[in-house]
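Sequence first, then the predicted structure:
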Amino acid sequence: MNESSQALNGIDDALLNKYSLVKGAARRARQLQSGAAPLVHTNSMKACRVAQDEIRDGYVRYFVKPSPKAILPSAL
């Protein structure tokens, strides 16, 4: 089992959408790179890995917006 799949093992079913997980971690990683303090102690110095650890441990949450419904043209 590789490191990325190990990171997903402890995450709730609602967070298993890998694309959403990557988007949430990327947003938090940008915050860390801009000077935000890490919320967990980790051995990694990489912002992306720290962000993934924060999400896995439940310190950071993100929400997936539902996709907007298709706009139907009004009937003429």
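Received, thanks. Residues are numbered from 1 along each chain as shown.

tell me which residues in stretch 17-31 are buried?
By neighbour count on 16 or more other Cβ atoms under 10 Å, the buried set for stretch 17-31 is 21, 24-25, 28-29. Where C-beta positions appear, they are placed from N, C-alpha and C, glycine not excepted.

I'd like those residues laid out as TSV, including distance to Ile55 and pLDDT.
TSV is the format used below for those (distance: Cβ to Cβ, whole Å; pLDDT from 0 to 100):
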residue	distance to Ile55	pLDDT
Leu21	7	86
Gly24	6	91
Ala25	6	93
Arg28	7	95
Ala29	10	96
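
Report the two of those separated the most.
Leu21 and Ala29 (12.1 Å; Cβ to Cβ).

Among the buried residues of stretch 17-31, which one sits closest to Ala37?
Arg28 (11.9 Å).

still on that earlier bit, which one of the buried residues of stretch 17-31 is nearest Phe63?
Out of the buried residues of stretch 17-31, the member with the shortest distance to Phe63 (by Cβ to Cβ) is Gly24, at 8.6 Å.

Leaving out the residues flanking it, which one is nearest to the closest one?
Nearest non-adjacent residue to Gly24, counting by Cβ to Cβ, 6 or more residues apart in numbering: Tyr62, 3.4 Å away.
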